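sharing a sequence plus its predicted fold:
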Amino acid sequence: MERPIHTPINAPLQDLDTPALVIDRDNITANHDLFSQKITASGGVVIPDVSVHGSVGLAVIQTNGVKDNQIFCGNLPTAEIFREHGFSNLAITLPAPNIGSLVRVVNLAATTSLNVSISNNLGLTRLVEVAKEFNSQIDINLIVSDSDKHRGYEFDSELQNAIQMIRCFNLM
C-alpha cells in the first residue's frame, strides 16, 4: 500500500488512512482568528510557524488562504515541501553550511521570497559566497544572542562585521 494516502479535507472519518491528523476546523479557525486579531490590534504581524505541524491544510487556515503571506518553515526540507504546494514567502533557519544545502537554499530563493536566519559567521560567509556565485537575492536575519548560553551573534565587532558583509554583497 502506498503511503501516505492523501484524503481530501472533510472526508468521512471511515475513509481516513491511519495514522491521520484530524482537526476541528471551526475550532482551529476561531482560535487563529482570535489570536491574529489580538496580535494585529497591538501593531504586530503574525507569521505562522508551520514547522510545528507541517500541515499544508493548517497553513492555509493560518494564512487565510493567501499563499504569499510569510510562513516560518523551520528547516530547508519543510520549506521545499511548502514551496511545492504553492507557498511563496518562506522563512527558515540556515541549515548546515555545506555546499549541497547552500545550493538548495539558493535554488529555493530563486523561486520564492526567502528569509534565512543565521547565527554564526561560518554560515553567513558560506551563504554569501554561494549567493554571489549564483547571483541570488536572499533576505537575512542575524540571530543575536541575549546571553552566553544562547547561540547567535553578540553585540560586538563580530555582529558589525556580519552586517558589513551583508551590505557589501547587497544581501540586505
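Noted; the coordinates are in hand. Residues are numbered from 1 along each chain as shown.

now the strands for this protein?
In order along the chain, the chain carries the following strands (DSSP state E): 71-74, 89-93, 113-118, 139-142.

got these as TSV, with distance to Thr18, mean pLDDT and mean neighbour count columns?
Where C-beta positions appear, they are placed from N, C-alpha and C, glycine not excepted. Rendered in TSV, the data for the strands of the chain read as follows (distance: least, Cβ to Cβ, whole Å; pLDDT from 0 to 100; neighbours: other Cβ atoms under 10 Å):
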stretch	distance to Thr18	mean pLDDT	mean neighbour count
strand 71-74	26	96	21
strand 89-93	30	96	20
strand 113-118	35	93	20
strand 139-142	39	89	17
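
can I get the longest helix along the chain as CSV, trimmed to CA atoms?
For the chain, the helix that runs over the most residues, judged by DSSP state H, is helix 25-41. Included here for helix 25-41 are C-alpha records, laid out as CSV according to Å, rounded to 0.1, in the frame of the first residue of the first chain:
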residue,chain,number,x,y,z
ARG,A,25,-11.6,23.2,11.5
ASP,A,26,-14.1,25.6,13.2
ASN,A,27,-12.2,25.5,16.4
ILE,A,28,-8.8,26.0,14.7
THR,A,29,-10.2,28.8,12.6
ALA,A,30,-11.8,30.6,15.7
ASN,A,31,-8.5,30.2,17.7
HIS,A,32,-6.5,31.5,14.8
ASP,A,33,-8.8,34.5,14.2
LEU,A,34,-8.8,35.5,17.9
PHE,A,35,-5.0,35.2,18.2
SER,A,36,-4.4,37.1,15.0
GLN,A,37,-6.8,39.9,15.9
LYS,A,38,-5.0,40.4,19.3
ILE,A,39,-1.6,40.5,17.6
THR,A,40,-2.5,42.8,14.8
ALA,A,41,-4.5,45.1,17.1
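
and that helix, what's buried?
Residues of helix 25-41 classed as buried by neighbour count (16 or more other Cβ atoms under 10 Å): His32, Ser36.

over to stretch 140-153?
Buried residues in stretch 140-153, defined by neighbour count with 16+ other Cβ under 10 Å: Ile140, Leu142, Tyr153.

hmm, who's touching stretch 29-40?
If you take Cβ atoms under 8 Å, 6 or more residues apart in numbering as the criterion, stretch 29-40 is touched by Val45, Val46, Ile61, Gln62.

just the pLDDT for the first one.
This points to Val45. As summarised for this prediction, Val45 has a pLDDT of 88.

could I get the full set of helices for this protein?
25-41, 56-62, 76-84, 99-111, 121-133, 157-168.

now those helices in CSV, with mean pLDDT?
Written out in CSV, the entries for the helices of the chain read as follows (pLDDT from 0 to 100):
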stretch, mean pLDDT
helix 25-41, 90
helix 56-62, 91
helix 76-84, 96
helix 99-111, 94
helix 121-133, 90
helix 157-168, 82
